[in-house]
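*Asks:* Next come a sequence and a model predicted from it.
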Amino acid sequence: MTAKINQSLEDFELIVFGGEGDLAFRKIYPALYHRLAEGQISERSRILAVSRKEPDLFEFRDQLETHLKSFVVDIDVTVLASFLGMVSIGMIDTAAKKQNAVVDQWFNKSVFDVRVFYLATPATAFGPIAKYLDVKGYITEYSRVVLEKPLGTDLESSEKVNDEVAESFNEEQIYRIDHYLGKETVQNLMVLRFANNIFESSWNAQEIDNIQITVAESLGVGTRGAFYDRYGALRDMVQNHLLQLLCLIAMEPPAVLDADEVRDEKLKVLRALRPYDSESIKSDTIRGQYTRGKTKDGSLPSYLEDIERFDSDTETFVALKTCIDNWRWGGVPIYLRSGKRMAQRYSEIVINFKHVPHNIFPEKKLIENNRLTIRLQPEERIELKQMVKIPGPGGYRYKPFALELDFSDHFEDRFPEAYERLLMDVVRGNQTLFMRRDEVKASWKWVESILDHWESEDIPNVLYEAGSWGPGDWIMNDDVFWVEPPIRNRNK
Ligand code: BG6
């Protein structure tokens, strides 16, 4: 069951570069379909998919229909027909400075103010596309441009892309997507922290022992091998998704929920991350690559087999220990890890509170520390581990027990996909969940301290078997173990 949303949006025009690409079919069109089905957008809005080659409208609509049917559960045929009617496809070749008649006519028939250019292409194309649109006079006062990650491969290339786009769009028109910020459970981090008073007084270095953020994927690199091999886990996941999660966990409360207020606070976190040096790069980072592995259903290929190459030094796993050098977080170790082809898909944030300072109970059994676990996916839940007395005689016997909030038990509606929320925010003109240029710059700067030292210190990849929990165990320097992989119903 899905709730109808009353907040319908004004009609808009959306132009999707890379309109026949994987991202468009898997994420962008299904997101728009859902928003149409739930009444948030109307079928008057116009969508133009842009291809670099001369396309065939009927073939494209067939493809679109097939993809939508495979990505949308319980598709409604009437809504599907309306959606297909909203979408046209045209051709723009920015290098040859050519476009077809469909594109001419589509822009000539423009009726709505809000015009969104979605660049679902490699970042190297962003500058040329922006320039092309500028020269054609397609960028209006109400136009917005959405940039997909990754924005470059390092600070310099990301700055170059940002400079090029900035020649045609001003910062208020630029929406740099990090789809993690559109996930319901990630947005709930703001509510958890800033709509509950009990956490704030213990949300600091005095009370928290360590923070762990894990994004583990069970899949390998799939068909994206050639792309992935140029990036690796650090650039693909840590530079954006994990750092954004960390920002939401560690930032100071913004005074209001305004795009720049929020982004100002996140920026301060990124700027306070301690850069790596030639010592900490060895003790506080692990990079790894998956080899062949086994599951109960058969064998899993190695990374090299997946990318069809004999050798590659690209990491498919990364674990880092870091610190935020500021007043609130001084000295609190923060562990970030992400990997492909791990035993299970799950993303989780764990806040480990400090142990009680003294045990008054005669049993003297270990009093476990409180732990707040925020599971982002695959299921959404929050657990707070606390010690409880075991009922009955026998004195003060105690054990850890978790208070659990499983979202699916309490909220029946379908959770909108990240792209649904983010696309609607672009149409609304709300930049809160998008990365500002200075944030991207600060995160690349920190990531470069890792990349540079991995290279100068010749840090090798540690091999791990596909389907395992990654290379070795998770102790980094100081006896703090990663929280064990998740098990449902920890109390049982
Ligand atoms: C993307 C990465 O940004 O995020 C992919 O490029 C990764 O490599 C994906 O698989 C993970 O997203 P999610 O939403 O499935 O956790």
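*Replies:* Good, I have the coordinates. Residues are numbered from 1 along each chain as shown.

*Asks:* rest of the way, CA atoms for contacts and neighbours
*Replies:* OK.

*Asks:* Give me the distance between the spatially most central residue of the chain and R371.
*Replies:* Most central residue of the chain, judged by C-alpha distance to the mean C-alpha position with CA atoms, centre = their mean, is Y180 at 2.7 Å. According to CA to CA, to the nearest Å, Y180 and R371 sit 23 Å apart.

*Asks:* does the residue nearest to the centre of the chain count as helix, strand or coil?
*Replies:* Secondary structure assignment for Y180 (DSSP: H, G, I helix; E, B strand; the rest coil): helix.

*Asks:* is it true that it touches H241?
*Replies:* Yes: A contact is recorded between Y180 and H241 when judged using CA atoms under 8 Å, the distance being 5.9 Å.

*Asks:* which neighbours do those two share?
*Replies:* Taking CA atoms under 8 Å, 6 or more residues apart in numbering as the contact criterion, Y180 and H241 have no common neighbours.

*Asks:* In contact with the residue nearest to M190 when sequence neighbours are not counted: list those residues for me.
*Replies:* Taking CA to CA, 6 or more residues apart in numbering, and ignoring the residues beside it in sequence, M190 has L248 as its nearest neighbour in space, at 6.9 Å. For L248, the contacting residues are L189, M190, K266, taking CA under 8 Å, 6+ apart as the criterion.

*Asks:* Next step: those residues restricted to strands.
*Replies:* Secondary structure from DSSP state E places none of those in strands.

*Asks:* Let's see the lengthiest helix in the chain as CSV, backbone CA atoms only.
*Replies:* Across the chain, the helix with the greatest residue count (assigned by DSSP state H) is helix 437-456. This file holds the C-alpha atoms of helix 437-456, laid out as CSV (Å, rounded to 0.1, in the frame of the first residue of the first chain):
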residue,chain,number,x,y,z
ARG,A,437,31.2,22.4,-4.2
ASP,A,438,33.3,23.1,-1.1
GLU,A,439,32.1,19.8,0.4
VAL,A,440,33.2,17.9,-2.6
LYS,A,441,36.5,19.7,-2.5
ALA,A,442,37.1,19.0,1.2
SER,A,443,36.3,15.3,0.9
TRP,A,444,38.6,14.9,-2.1
LYS,A,445,41.4,16.6,-0.2
TRP,A,446,41.1,14.1,2.6
VAL,A,447,40.8,11.2,0.3
GLU,A,448,43.9,12.3,-1.5
SER,A,449,45.9,12.0,1.7
ILE,A,450,45.0,8.3,1.5
LEU,A,451,45.6,7.9,-2.2
ASP,A,452,48.9,9.7,-2.1
HIS,A,453,50.3,7.7,0.8
TRP,A,454,49.0,4.4,-0.5
GLU,A,455,51.1,5.2,-3.5
SER,A,456,54.2,6.6,-1.9
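
*Asks:* Output the contacting helices and strands for it.
*Replies:* Counting contacts by 3 or more CA pairs under 8 Å, 6 or more residues apart in numbering; DSSP states H and E, the secondary-structure elements packed against helix 437-456 are helix 155-166, helix 259-272, helix 280-283.

*Asks:* How far away from the center of its chain is the least confident helix or strand in the chain by mean pLDDT?
*Replies:* In the chain, the helix or strand scored least confidently by mean pLDDT, DSSP states H and E is helix 407-410, which has a mean of 86. When C-alpha coordinates are averaged (CA atoms, centre = their mean, to the nearest Å), helix 407-410 and its chain have centres 23 Å apart.

*Asks:* export that helix as CSV, just CAs?
*Replies:* In CSV, the C-alpha atoms belonging to helix 407-410 read as follows (Å, rounded to 0.1, in the frame of the first residue of the first chain):
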residue,chain,number,x,y,z
PHE,A,407,10.6,0.2,10.7
SER,A,408,8.7,-2.4,8.7
ASP,A,409,6.7,-3.3,11.9
HIS,A,410,5.5,0.3,12.2
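
*Asks:* Contacts for it, please.
*Replies:* E379, E380, R381.

*Asks:* tell me the strands in the stretch 1-150 of the chain, going along the chain?
*Replies:* Under the criterion DSSP state E, counting those that start in this stretch, the stretch 1-150 of the chain carries strands at the ranges 12-17, 46-51, 87-93, 98-99, 114-119, 143-147.

*Asks:* Which positions within stretch 142-158 qualify as buried?
*Replies:* Taking 16 or more other CA atoms under 10 Å as the basis for neighbour counts, the residues of stretch 142-158 that come out buried are 143-155, 158.
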